[in-house]
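1. Below is the sequence, then the predicted model.
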Number of protein chains: 2
Amino acid sequence: MENFKQFLVALSSAVVVGIVSIIFVARWVCHYREGLAWDGGQAEFNWHPVLVVSGFIFLQGFAIVVYRLPWTWRYNKLSMKFIHAGLHLLAFIFAVISMVAVFDFHNAAKIPNMYSLHSWLGLAALILFCLQLVLGVGMYLIPFTPASWRAAFMPLHVYSGLLLFGSVIAVALMGITEKLIFGLSNPKYKDSPPEAIFVNVLGVLLVVFGALILWIATRTAWKRPSEQILHTLHTNGEADENSKVGPSLAELSDAADAEPDGDIRRRSYKLDDQEN
Amino acid sequence: MENFKQFLVALSSAVVVGIVSIIFVARWVCHYREGLAWDGGQAEFNWHPVLVVSGFIFLQGFAIVVYRLPWTWRYNKLSMKFIHAGLHLLAFIFAVISMVAVFDFHNAAKIPNMYSLHSWLGLAALILFCLQLVLGVGMYLIPFTPASWRAAFMPLHVYSGLLLFGSVIAVALMGITEKLIFGLSNPKYKDSPPEAIFVNVLGVLLVVFGALILWIATRTAWKRPSEQILHTLHTNGEADENSKVGPSLAELSDAADAEPDGDIRRRSYKLDDQEN
């Protein structure tokens, strides 16, 4: 992998910032707020930020970059697809439970649902995330999806995934804004009590986490090497040129999804050297 | 240009959604709010959303995709760089005036400045945008910046530009949330009066505008063809392969900034055919 040290710094920063964000949201609801419970009250609402930060943001972030981890390149691509899809499914389940918590709380407290821009965009993100998950599984995990469909859909799959990830963070920042305005009364948000500063810092951490994940996900030099490209080069007698065409390979590697993994792997060339 | 019709649909959708957003924000402040003035009151505050939407979002969006417009490919790259930088500078000026309006309003109304996450992230975005502008001019408009620096800095320049654009939209959505909560009292935001629905729709329009600009900006097939790459291919005797290496060319074309434009243009090969 090119710039392996830079990759390690970015990845470990993302892990640290992500874990610190989860600690911050847990401390917010347990220290400054009413803790966690499933009782229709404020403590049930508190599951909303906790599950969004830990699931819909942290898990989704790592689901996105899981192919980038060089330690996984020795494993079958199909296994990695299952991990990628599985982490996204887990993130989706966290997000759904977090929504249920809010609806329960709103209904018990007779607060209207779905009136704010935060709720509109949050629900839209959840529905589109579900659609992305279903289409992703249909395209890349069902063996008889035509190769041409897989290749044609990949740019949209990548773009939608990154856009949804960024949108979920934006929606979380709107949620933090709402909660601090509604939740702080004496002193108010504008008086900057310790809770306000603390949760603002959580917002900044979420932005930094998002920026790191997007950086890792968009460095083409850090992509998992494509088995298919290596095979194609071999059959074209260009295998010796591997080192010179590195970046272009990375660019094209999405196309690898156009063929079933097992088949690619069996035909792959010099794969073990590349993967270890 | 590949998929020219698709490009036209995306671009014209972005233009329409962007203009409708500006009409929405103008109608918001003029019909539902106190209109526009520079008097330290609510009408001065109203310049904040108007200038952010029209300048920091709309102008920045088109500054980002200006290289993608095929009608501009006949013009010298250096001229396009000036337009790219000029539109960003204009967006920055709009943003600075929009900030001054808020600080003036806050100071006159004795509301604290810089307490909210919206204000923290908004100011951070403005400062980083200024830094991006200064570094961009220093790297790509000062003729004696080393070519290696230009090439090395380009991935960071592109990533930061897109991240800042997305962040500005996220910060605007937080601002809309704040203003609707603070501005609506009888009926409140949660009662969904017409203003709340109208401004929520404005928020959705901003997200759609951002998504369209990011789609256009990240389609490598729609990049301005690089003069330098064509020249390099020619000197390597690979000019006949042009049609086969299209996507890889697009990927690499940022590297064209590594050389002064005039020089590239004089040495370029088959350029007029490519540009018209």
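-> All right, it came through fine.
2. switch to C-alpha atoms for all contacts and neighbour counts from now on
-> Will do.
3. which intervals of the stretch 151-276 of chain A have sub-threshold pLDDT?
-> Low-confidence segments of the stretch 151-276 of chain A (pLDDT under 70): A:227-276.
4. how about the helices in it?
-> A:194-218, A:227-235, A:246-252, A:261-267, A:271-275 (DSSP state H, counting those that start in this stretch).
5. what comes into contact with the longest one?
-> Contacting residues not belonging to helix A:194-218 are listed as A:7, A:10-11, A:13-14, A:17-18, A:20-21, A:24-25, A:28, A:32, A:61-62, A:64-65, A:68, A:162, A:165-166, A:169, A:173, A:176, A:180, A:189, A:222, B:115-117, B:121, B:159, B:163 [CA atoms under 8 Å, 6 or more residues apart in numbering or on different chains].
6. Are any of those buried, and if so which?
-> A:7, A:10-11, A:13-14, A:17-18, A:20-21, A:24-25, A:28, A:61-62, A:64-65, A:68, A:162, A:165-166, A:169, A:173, A:176, A:180, A:189, A:222, B:115-117, B:121, B:159, B:163 (16 or more other CA atoms under 10 Å in any protein chain shown).
7. and chain A, which of its residues are near chain B?
-> A:111-112, A:115-118, A:121, A:159, A:163, A:166-167, A:170-171, A:173-174, A:177-178, A:189-192, A:196-197, A:200, A:203-204, A:211, A:215, A:248, A:251 (CA under 8 Å from any CA of the partner chain).
8. can you give me the strands for chain A?
-> Secondary structure of chain A (DSSP state E): no strands located.
9. quick one: the helices in the stretch 1-150 of chain A?
-> Using DSSP H, counting those that start in this stretch, helices in the stretch 1-150 of chain A cover A:4-27, A:42-45, A:47-51, A:60-65, A:77-108, A:117-140, A:147-183.
10. Return the angle between stretch directions for the last one and helix A:117-140.
-> Meaning helix A:147-183. With axes from the mean of the first three to the mean of the last three CA atoms, to 10 degrees applied, the angle from helix A:147-183 to helix A:117-140 works out at 160 degrees.
11. what about stretch A:67-86, average pLDDT?
-> For stretch A:67-86, mean pLDDT is 94.
12. in it, what's buried?
-> Buried, per 16+ other CA under 10 Å, within stretch A:67-86: A:Tyr67, A:Arg68, A:Leu69, A:Pro70, A:Thr72, A:Trp73, A:Lys77, A:Met80, A:Lys81, A:His84, A:Ala85.
13. I figured the last one hits A:Val137, correct?
-> Yes - contact between A:Ala85 and A:Val137 holds when scored by CA atoms under 8 Å: they sit 7.2 Å apart.
14. Common neighbours of those two, please.
-> With CA under 8 Å, 6+ apart applied, the contact sets of A:Ala85 and A:Val137 do not overlap.
15. what sits against A:Lys110?
-> By CA under 8 Å, 6+ apart, A:Lys110 lies in contact with nothing.
16. distance of it from B:Ser12?
-> When distance is defined by CA to CA, to the nearest Å, A:Lys110 is 43 Å away from B:Ser12.
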